[in-house]
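Chemist: What follows is a predicted protein model with its sequence.
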Amino acid sequence: METEVKQSEVKEENYVEVRDLVTQFFTFKGIVKAIDGVDLSVKRGEVFGLVGESGCGKSVTATSIMDLVPDPPGRIVRGKIYIDGFNIISDLDKLAQIKVKSETNVKVKRNKRLIKRHNYILSKIRGDKVAMIFQEPFLALNPVLSIGYQIVENIMLHSRIDIINSIIRRETLGEDGVDELIQKIVKTKDYDERRRIVNRWSREYGVPDSDESIYDLINTSEDINYVKKELLSLLAEEKTGIDLQPLSVAREYYKADDELFALNLNLIEAEANRNESEAEHLRQQISQKRSEMRSKFMSFTIKHKLMRKRMDRPLEKESRRRALELLNLVNIAGPERVIDSYPHELSGGMQQRAMIAMALAANPKLLIADEPTTALDVTTQAQILELIKELNVVTGSSVLFITHDLAVIAEMCDRVGVMYAGNLVEQTSVKEIFHDPKHPYTMGLMRAIPRADKKRSADQKLESIPGTVPNLITPPSGCRFHPRCKFAMDVCSEKKPKLVEVEPGHKVACFLYSREYVGEPAGEAQ
Amino acid sequence: MELRYFVLRRVLLIIPTVIGITVLVFILLRSFPDSLLVSAYINPHSTLPRQEQIQIAKEQLGLNLPVPVQYFYYISNLLKGNWGFVTKPFPGPVLLGIELFMPNSIQLAIFSSILSILLAIPIGTYIGSRPNTFADQAGRVFSLVGYAMPPFVLGILLILAFGQGVSNWGGAVLPFNGVVNVPTPVPHWLLNQETGFIISSPTHLVFFDALIHGDPRVAWSAFLHLVLPVVTLTYTILAGLLRFIRAGMVDATNQEYVKTARSKGVPEGMIIKRHIRRNALIPTITVMGLLIAALLSGVVVIEILFTYHGLGWFAVTATLDNQIYGVLDTTLVFGLILVFANLIVDIVYAFMDPRIRY
Amino acid sequence: MAEVNVFKKNVEPQKRNPKLEDMKHTMKLFFKNKLAFSGFVVMMIYFFIALLDFVYPQYLGVTNANTMLSFLYGQQPQLVPPSPPTLSKGIMYIFGTTQYGIPVLPAMLAALKFDMAYSIAIVAIGVAIGMVIGTASGYLGGMVDEFMMRITDIFFSIPQIVLALAIIYTLGDNFIFIVVAFMIIWWPIYARLSRSLALSTKEMRYVEAATASGSSKFRNIFVHVFPNVLSPIFVQISLDIGIIVQLFASLEFIGLNRGNPYLPELGILINWGNQYIVYGAWWPIIIPSIFLVVFTIAVSVMGDGLRDVLDPKLRR
């Protein structure tokens, strides 16, 4: 029985859509309104850049998307976050009731049972659908666990079915399978194409492809029987001859587990929509599924509890192979050595590569990169950026790239969001943002960077935006940028501008572009 | 550097410490007058004329030679097994006393440290992963009281609560005096013929010897006699361990790598077990050496309180009875035990923390 | 004129002593911590009782500083079984009496004076020796450092009570020598601590800057290193005082201090009381024990509070 996750009213092209996100931190000094109504979306396969001064809420936005905001003191207070069409924080007000008595006295009453379910849901989404790379790899990697363990852990959490499949496929692969491969190879004469075929084949069946001799063999030898013999012997080496029966039981169990998860997702959606009858129906289904699983997999779960290490060993071995592949993918030299080493034994760049490998372990469709190069030295920075861009192309996953460096944005991104003091003030394509910035803040940013492509006269200086980022405990009323804005109007300090599409694909949150307050669009303002 | 090189280096580092301890003990010995040293170096069982024995003892100690040379005589005597003699609590060589009484002390120390570690890790994990809850507050009070209460006070309280003979409180629950209730007639293996003490053979641990000799009644009694001392010592060490494990857990929870683990979707229970606890135990191991020193100090006091015939009891009675070699040789042995314990702690540390091996 | 005002405005905050401001802030934080503050209050109460006893001993009933025999008005000490707590004989008998018919309460109050005096003397001397040796060896480094650290290693390699037994046995078994023995045992703790702090301070930019501008090594130690070592040492002291009192009582409990057998001291009182447990007399042992435990809890709670406010990492 396949359970479909109900698609909600999100555009298919948006992998992540954040609506009206409000995240606050309840500190002793007062409530920090770190994010105040952010709307943004990341399309499938694109690189979306988030840029702004430090302390403007870029990182908080990123952590909020995975609900990684440290609680206490922080909480997502309001908003919707759709990942792959599904709202992961739909029951916010039920999870915790926040009573604000005064700025410094806030009581958060958490519902432990619901938070447990929430964490269960999130643990299935984090790492699997969305993964994150952090700013300082030397802090973000656990110092006492080996790189290999940390990658394998991620694979074991999210790709168990995949792994079991590939073990079973490899173990049951016979001569016909190899024949099929050889037929495919013979059809093409192109070396690269052959290489790709072998690569795909070996990944699918969990046979190591790093051995260059296979390619040489395929390329040089015309004797098909000889090639077949060699491949079969290679395959025989990889076959461990383990008992497949427990593995297929395990696969069944994990599949059932995934179905249970899907039911839970639907239940949360139904509860959020106050659809009581459907929720009740789903609850029944869940408990039915649970008891079904309990009776069906009783011996499996007991065995798994008792002999976890022994039962997981083949999976771990396979995961380790994948981990090696991943380390290869992120261009780490000598992955066999690196996989058993500890974070402190690697250089900063290597650590960040290992971090990326870890993030990619479960093939997430979105990679959040939170200033991944800030803590690295300049040459390494370029390599890491290149790697991320390359992986975006190769794996086809989207990237949410957070940085304060506009040059990096220009290099990496397809679309850009500009943040200021917890608000998204502009969102458009990378070309537009450099050639036609609309928001006064973005204009300021553009004027603050030295540019080689535009000539400056001798008296023209690089400009900086006057003032500093406001204190977010007591942010300015209305538009948070108005105290620093050259074009500030009366309305700016009274009302908060909404993010509006002023040109196709170009959204700005500024009253300068609203006909209501300005006679005509202030495009000529600069 | 690999683990075994680290271990080798750490083992070699013991040498200066051990030499230092012998120097310290030697200095303390030398501050006594020669006549006292000599008279305590005479075997009370020997039948030789006294004058002759004094002569032999003087030669063995090298008393006519300069002090630095005497140190080497001292070391060679130690290595040969001439550790001096005591007249109380039994007349005979100190080494015999150490051999007979040390197992009891080691038994107390090992039982209580194993018990406290087994308790401290789960409890510390539990309270450290939910700071500022009721369980956490209770745990903190528990460890604070244990930290502030000297072991003998706790021992006295336990004797009052569970001890035998507090007739007005309801009678016998647990024994608190000695190693075992001696049955009559005394089994031959339970009594040490040379000293007349209840020190069983062959292991000198009554509980195990009773099992070896197939006497469950004595074994049960020996076990009951262990309960109060072990519980007292366990609480003392447990309090210290909890304090550090909790602090380590709270500290590790706020680290960036925990956020990474969350971002990977590791379930909360696994994060605590695999990612936080391992890191939290590392600072705890560094203070383990101090805790073991405190444990051994506690053993001395507890052995007096419960009249448990161990090395600490031997040291204290020797001090009170002015048995010079009894005091200073046991000091040396306690020093060696602690050095060895610290070696093990450091090796465990290197095993737990891959960073230290560099 | 306006410009001058602006100038003054800018300079004024620097004129204030930043150390003093820091102290004020620290005190404020410390007193905010209720637990640490109550520890401080208890400690102060104990301290004032000790002070009062020192100045007006007759108020608290113990007149002779070194013995409890003043209760016996010159008679030979006679073993009298303890009598239970009562109010009929006066406030002094509220906790009953212990061996020799000595009332527990005034004996305990008298004991405080000694506990305070020796613990403070031990840490003071220990800190004085340890800090000088530790700071110097950390700052000078090299062979001196290596040698000093091996010496402290020796002291850390023998359990404290056992080492105390050996030293007291060698020096002689009385109150003064027990205190001396503790001083000998305690200085390595401060030497280690101040060495590690001196090592980290040595690497600081401002010390390098001072050296570059021609400041001598010894000047550096006194002006730059010492002040940085002080506050962690202070925390360590407050944590140690409780442990010293504990160990001291433990030593007396196992029968040492034979030179002053009637000294009013908590360990001796507990030891006396211990002989009467079997007769069901709980007061001569429970009451002094509680007194001791409350003291150590108060001191360690205060020490924790101090560490929290003085450690810049834990601050705020």
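Modeler: Good, I have the coordinates. Numbers count the residues shown, from 1 in each chain, chains lettered A, B, ... in the order given.
Chemist: Can you show me the CA trace of the helix or strand hosting residue A:202 as PDB?
Modeler: Using DSSP states H and E, residue A:202 sits in helix A:191-205. Taking C-alpha atoms only, helix A:191-205 is exported to PDB below (Å, rounded to 0.1, in the frame of the first residue of the first chain):
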ATOM      1  CA  TYR A 191      35.200   6.100 -24.200                       C
ATOM      2  CA  ASP A 192      33.500   8.700 -22.000                       C
ATOM      3  CA  GLU A 193      30.100   7.200 -22.700                       C
ATOM      4  CA  ARG A 194      31.300   3.700 -21.800                       C
ATOM      5  CA  ARG A 195      32.800   5.100 -18.700                       C
ATOM      6  CA  ARG A 196      29.500   6.700 -17.700                       C
ATOM      7  CA  ILE A 197      27.700   3.400 -18.400                       C
ATOM      8  CA  VAL A 198      30.100   1.500 -16.200                       C
ATOM      9  CA  ASN A 199      29.900   4.200 -13.500                       C
ATOM     10  CA  ARG A 200      26.100   4.000 -13.400                       C
ATOM     11  CA  TRP A 201      26.200   0.200 -13.400                       C
ATOM     12  CA  SER A 202      28.700   0.000 -10.600                       C
ATOM     13  CA  ARG A 203      26.800   2.600  -8.500                       C
ATOM     14  CA  GLU A 204      23.600   0.700  -8.900                       C
ATOM     15  CA  TYR A 205      25.100  -2.600  -8.000                       C
END
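Chemist: Okay, and the residue lying closest to residue C:138 once chain neighbours are set aside sits in which element?
Modeler: Leaving aside its sequence neighbours, residue C:138 sits nearest to residue C:198 (C-beta to C-beta, 6 or more residues apart in numbering or on different chains; 3.3 Å). Bear in mind the C-beta positions are built from the backbone N, C-alpha and C, glycine included. Here residue C:198, judged by DSSP H and E, is contained in helix C:175-202.
Chemist: same check, this time on residue A:416
Modeler: Assigned by DSSP H and E, residue A:416 falls in strand A:415-420.
Chemist: that older thread, helices and strands around the helix holding residue C:198, which ones?
Modeler: Here helix C:175-202 touches helix C:104-140, helix C:142-156, helix C:160-171, helix C:226-253, going by 3 or more C-beta pairs under 8 Å, 6 or more residues apart in numbering or on different chains; DSSP states H and E.
Chemist: and the helix or strand following the strand holding residue A:416, how far out from the chain's middle?
Modeler: Going down the chain from strand A:415-420, the next helix or strand is strand A:423-429, by DSSP H and E. Relative to its chain's centre, strand A:423-429 lies at 20 Å (C-alpha atoms, centre = their mean, to the nearest Å).
Chemist: buried residues in the following helix or strand past strand A:423-429?
Modeler: As assigned by DSSP H and E, the chain's next helix or strand after strand A:423-429 is helix A:430-435. The neighbour-count check on helix A:430-435 (16 or more other C-beta atoms under 10 Å in any protein chain shown) flags A:430, A:432, A:433, A:434 as buried.
Chemist: Residue numbers of the stretch 201-350 of chain B in contact with chain C?
Modeler: For the stretch 201-350 of chain B, the contact set with chain C under C-beta under 8 Å from any C-beta of the partner chain comprises B:289, B:293-294, B:296-297, B:300-301, B:304-305, B:312, B:315-316, B:319-320, B:322, B:324, B:327-328, B:330-331, B:334-335, B:338-339, B:342.
Chemist: Only the buried subset of those residues, as a ChimeraX command please.
Modeler: Remark: buried members of these, expressed as a ChimeraX selection using 16+ other C-beta under 10 Å:
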select /B:289,293,294,296,297,300,301,304,305,312,315,316,319,320,324,327,328,330,331,334,335,338,339,342
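Chemist: Can you list which of the residues of the stretch 201-350 of chain B next to chain C are found in helices?
Modeler: B:289, B:293-294, B:296-297, B:300-301, B:304-305, B:312, B:315-316, B:319-320, B:324, B:327-328, B:330-331, B:334-335, B:338-339, B:342 (DSSP state H).
Chemist: For the helix or strand residue A:263 falls within, which helices and strands make contact with it?
Modeler: Per DSSP H and E: residue A:263 is located in helix A:244-272. Judged by 3+ C-beta pairs under 8 Å, 6+ apart, the packing partners of helix A:244-272 are strand A:86-87, helix A:112-125, helix A:160-172, helix A:276-296, helix A:298-306, helix A:308-329.
Chemist: Please spell out which residues along the helix holding residue A:202 are buried.
Modeler: For helix A:191-205, the buried set under the neighbour-count rule, 16+ other C-beta under 10 Å, comprises A:194, A:195, A:197, A:198, A:201, A:202, A:205.
Chemist: residues touching the residue nearest to residue C:138, list them.
Modeler: By C-beta atoms under 8 Å, 6 or more residues apart in numbering or on different chains, residue C:198 lies in contact with C:134, C:135, C:138, C:139, C:221, C:225, C:229.
Chemist: Return the closest of the residues you listed with respect to residue A:278.
Modeler: Of all these, residue C:229 has the smallest distance to residue A:278: 68.0 Å, by C-beta to C-beta.
Chemist: Now do the closest one against chain A, distance only.
Modeler: Per C-beta to the nearest C-beta, to the nearest Å, residue C:229 is found 29 Å from chain A.
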